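Trainee: with the input below, show me the fold.
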Amino acid sequence: MGKITVLGTGGWGIALALAAYHAGHSVYMWSAFKDEADMLKKNRQNERLLPGITIPEAITISDDITVAESSDITIIAVPSVAVSSVCNSLKSVVKRGIIVNVSKGFEPQTNCRLSEAISRILPDDIVVVLSGPSHAEEVSRNIPTALVAASRSLVGAQIVQTMLSTEFLRIYTSDDIIGVELGGALKNVIAVCAGICDGLKLGDNTKAALITRGLSEMTRLGVCMGANERTFAGLTGIGDLVVTCTSRHSRNNRFGNLVGSGVDIKEALKSVGTVEGYFASAIVHELSKQYNVDLPLMNECYYILYENRDVTSVVNSLMSRPMRME
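Mentor: Numbering: from 1, shown residues only. Model prediction:
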């Protein structure tokens, strides 16, 4: 068995640390915040994010990033806005290792995919993206889950598949790192839209239309950015999209619900916490212009979140667009 270090002690970080522990590995966790690390070492649980889930004593928790030294796999499980900063801290710690990114978003300074940012900072490491329909609340409770490990290095993806798969966690491999990564980032924007639909008390018909047309937008932009169209029909496309648009565990959905109900956007963000779809929406709006791709749903989401467009007028605008073939 090997050594696996998880950087980030949020719900997803804890869930993956538990999965690695159950797979028989030596597991280490790192938090950027000393008080958080001390709390987890003392209480062995994060009652706010994963109530009732205990972190075994055998999992080492630290606020010193050198804990990642000599890791077979280093998992980055921090918000997308912090990925580059964490990678810069890793420069002198991890050498020619496997870096697994599970954050779903973009690098805000450059609009790059996160794997691109990681490879730029850590060019000697193999970068693998691990994504799919996977709420931490369920993975931490050993509810069967399927994910995809994608990398330009098939060997790297296979190592992650072998080391992290358990009887409850099934991992497939893919060489379409662009599609797998974009699926995880773009579905968050559509999930915000789905939450807005719920907040407006629209129906199942509306949400079904939103999910399918949202998938079409994700695929259009993804293909323009170099992804394989088929990837969006898989776990990291439609799979992740459906679970994020419909689950009570989804922060993006809860945030959208508050916005659709009339709650001020800043208050909604404060209430929910990190909402990747909020940050991704601004970047996707820029990407739609850069690649000249029509993304009516995701662009309207941007207008609601950043330009205070009225949500009711957005629905009317989308429904009155010119007629066309599907």
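Trainee: for residue 267, see how far away residue 285 is.
Mentor: Computed as CB to CB, to the nearest Å, the residue 285 to residue 267 distance reads 22 Å. Where C-beta positions appear, they are placed from N, C-alpha and C, glycine not excepted.
Trainee: oops, could you answer that again for residue 60 instead?
Mentor: According to CB to CB, residue 60 stands 38 Å off from residue 267.
Trainee: which of those two has more neighbours?
Mentor: It is residue 60, of residue 60 and residue 267, that has more neighbours when counted by other CB atoms under 10 Å, with 14 against 11.
Trainee: would you confirm that the more buried one contacts residue 67?
Mentor: Yes - counting by CB atoms under 8 Å, residue 60 touches residue 67, with 6.7 Å between them.
Trainee: helix/strand/coil for residue 110?
Mentor: The three-state label given to residue 110 by DSSP: H, G, I helix; E, B strand; the rest coil is coil.
Trainee: quickly list what the closest residue to residue 64 other than its chain neighbours is bridged to.
Mentor: Once flanking residues are discounted, residue 64 sits nearest to residue 30: 7.4 Å by CB to CB, 6 or more residues apart in numbering. Applying DSSP bridges to residue 30 gives these bridge partners: residue 7, residue 62.
Trainee: any low-confidence regions in the stretch 51-200 of the chain?
Mentor: Across the stretch 51-200 of the chain, nothing is flagged by pLDDT under 70.
Trainee: that one: helices as residue ranges?
Mentor: 83-90, 114-121, 136-139, 154-164, 177-199 (DSSP state H, counting those that start in this stretch).
Trainee: contact partners of the second one?
Mentor: Counting by CB atoms under 8 Å, 6 or more residues apart in numbering, helix 114-121 makes contact with 76, 80, 83-84, 87-88, 90-91, 99, 101, 103, 105-107, 110, 112, 125, 127, 129, 177, 181, 185, all of which sit outside it.
Trainee: could you report the neighbour count for residue 112?
Mentor: Residues near residue 112, counting by other CB under 10 Å, number 16.
Trainee: check whether it really touches residue 106, as I assumed.
Mentor: Yes - counting by CB under 8 Å, residue 112 does reach residue 106; the two are 6.5 Å apart.
Trainee: mind putting the helices of the stretch 51-200 of the chain into TSV with distance to residue 257 and mean neighbour count?
Mentor: Below are the helices of the stretch 51-200 of the chain laid out as TSV (distance: least, CB to CB, whole Å; neighbours: other CB atoms under 10 Å):
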stretch	distance to residue 257	mean neighbour count
helix 83-90	27	19
helix 114-121	26	20
helix 136-139	17	20
helix 154-164	32	19
helix 177-199	4	28
